[in-house]
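Trainee: Structure of the sequence below:
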Amino acid sequence: MAVKLDGMDIIAEIIREHYDLGEIQMPYQLETTHQRRHRKMVVETETGKYLAKTYKNDPVTLDALYFQHNLSGHLVNSNLPVANIKKTKDGHTFVCLDTWAMELQEFIEGGVMPITENTLETSGLALGRFHQVCQGLPAPPRDARKWRFSEVPRHTFQTFYEHAVKEKNEPRIHAHCNNIVKFLNDAKEILDIDKRYAFETGIIHGDWHSGNLLFIGEELNGIIDMEFAGDGCYLEDISYAVSNLCIRTTVNGEKLEYRTNLMLNAYEKHRTLSYAERVALYYAVGVKHITTVSYQIPQQGGRVAGYSPRHWMTILDYQTRWLAEQSHKARWGE
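Mentor: Take a look at the predicted model:
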């Protein structure tokens, strides 16, 4: 009588059937990452260590997967550190089953990017190189002018504000909120979809943050998670990077300026920012930052990076005023 397989046994059996890897050990869950959209498992084999990821088997998902694998191969050939996709015995880049699909990619060692002068410069260089070498690469059609974090959802910010007031209802909370709302209103005008024709588009990573940049010491060892990659606005990638890697919780103007300029100067060694991008960038950074903090406050039990909503109101007020000043300087060449 045949033995009924389940869980990791099924994954192991599929890998044995479709890949030529010699002896393999039982796959195990990758514990250091979220399993939000796809199941991720580590597979140790006779020929090396791999990451197995599962996907839904539907036309849209598989079309995106074909693109991701083509992009990964292109980046590898362009000497950017991304994982090679392991091909099956039949030469395919993933296994397609009844309701789901699975890929195997090289397992890249490394940890979350530490924030130092060297790593900020390295990240900027890598992002600029990514945008440069992918120019003209075919991608599934999507409206490149529509991008995440171009506007803060009202209900998300409203909930964040209510948390801050509940923590301590004091005049300065309302003053901070008014200043932030003014910044958001200005950002809405500058980032209006009808004005985005001035922003250059191309292939973007779509999720450029410290968790997707694997470092060993201060050396970049891997760029991972291409699930949001595709045709998009370069400003989306750059603002995401600056928000996550340069702004963070800092309320020191000199540090904000030094970190941001360090990364942008490195980026521009591969691709020069236009005047329109320079002016709009700082508002895009602020929108991304406010959205992330507002969203994460209830998701993380009321504290983000160790700060409560009331403290974040003070931080965001300072940061958005600084960002608006940088945009003004970029606009008038100061």
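Trainee: use CA for all of it now, contacts and neighbours both
Mentor: Fine.
Trainee: Report the central residue of the chain.
Mentor: D207 (1.5 Å; Cα atoms, centre = their mean).
Trainee: Quick check: the nearest residue to that one once chain neighbours are set aside vs L281, distance?
Mentor: Across the structure, with Cα to Cα, 6 or more residues apart in numbering as the measure, the residue nearest D207 apart from its sequence neighbours is F228 (6.4 Å). With distances defined as Cα to Cα, to the nearest Å, the gap from F228 to L281 amounts to 20 Å.
Trainee: Ok, I204 next?
Mentor: Plainly put, I204 is 16 Å away from L281 if you go by Cα to Cα.
Trainee: A helix includes N221, no?
Mentor: No - the assignment for N221 (DSSP: H, G, I helix; E, B strand; the rest coil) gives strand, which keeps it out of a helix.
Trainee: Under the pLDDT cut-off, which ranges of the stretch 1-150 of the chain? List them.
Mentor: 1-6, 32-37, 149 (pLDDT under 70).
Trainee: how does it look with 50?
Mentor: Under the criterion pLDDT under 50, the flagged ranges of the stretch 1-150 of the chain are 1-5, 35.
Trainee: how about stretch 96-109: buried residues?
Mentor: C96, A101, M102, E103, L104, Q105, E106, F107, I108 (16 or more other Cα atoms under 10 Å).
Trainee: Report the beta-bridge partner residues of the first one.
Mentor: Here C96 shows beta-bridge partners A101, assigned using DSSP bridges.
Trainee: could you measure it against P140, distance?
Mentor: In this view, C96 and P140 are 20 Å apart by Cα to Cα.
Trainee: Helices of this structure, residue ranges please.
Mentor: Listed from the start of the chain, the chain has helices (DSSP state H) covering 8-18, 59-77, 117-133, 154-167, 171-190, 234-242, 253-267, 275-299, 309-332.
Trainee: Give me whichever of the ones you listed is most buried.
Mentor: When you average the neighbours per residue for each of these (mean count of other Cα atoms under 10 Å), helix 234-242 leads with a mean of 25.
Trainee: Can you list the neighbours in contact with that one?
Mentor: The set of residues external to helix 234-242 that reach it, using Cα atoms under 8 Å, 6 or more residues apart in numbering, is 127, 131, 147-149, 199-209, 260, 263, 277, 281-282, 284-285, 288.
Trainee: follow-up on the earlier one: among the buried residues of stretch 96-109, list the two that are farthest apart in space.
Mentor: With distance counted by Cα to Cα, no two of those lie farther apart than C96 and I108, which are 23.8 Å apart.
Trainee: coming back round to it: could you give the backbone dihedrals for the residue nearest to the centre of the chain?
Mentor: Geometry field for D207 lists phi and psi as phi -160, psi 50, criterion degrees, to the nearest 10.
Trainee: Let me see the contact set for it.
Mentor: With contact set as Cα under 8 Å, 6+ apart, D207 has these partners: D225, M226, F228, A229, D237, Y240.
Trainee: do K40 as well
Mentor: So, once contact is read as Cα under 8 Å, 6+ apart, K40 ends up touching Q29, L30, L51, A52, K53, T54.
Trainee: In space, what's closest to the last one - neighbours in sequence excluded?
Mentor: Taking Cα to Cα, 6+ apart as the measure, T54 lies nearest to M102, with 4.4 Å between them; neighbours along the chain are not counted.
Trainee: That neighbour: what's it in contact with?
Mentor: Contacts were defined as Cα under 8 Å, 6+ apart; by that measure M102 touches A52, K53, T54, Y55, F94, V95, C96.
Trainee: Inside strands: which ones of those?
Mentor: Assignment to strands by DSSP state E places the following of these there: A52, K53, T54, Y55, V95, C96.
Trainee: check contacts around the second one.
Mentor: The contact partners of K53, by Cα under 8 Å, 6+ apart, come to H38, R39, K40, M41, M102, E103, L104.
Trainee: What of the fifth one?
Mentor: With contact set as Cα under 8 Å, 6+ apart, V95 has these partners: H18, T88, A101, M102, E103.
Trainee: which one among these gets closest to G136?
Mentor: E103 (25.8 Å).
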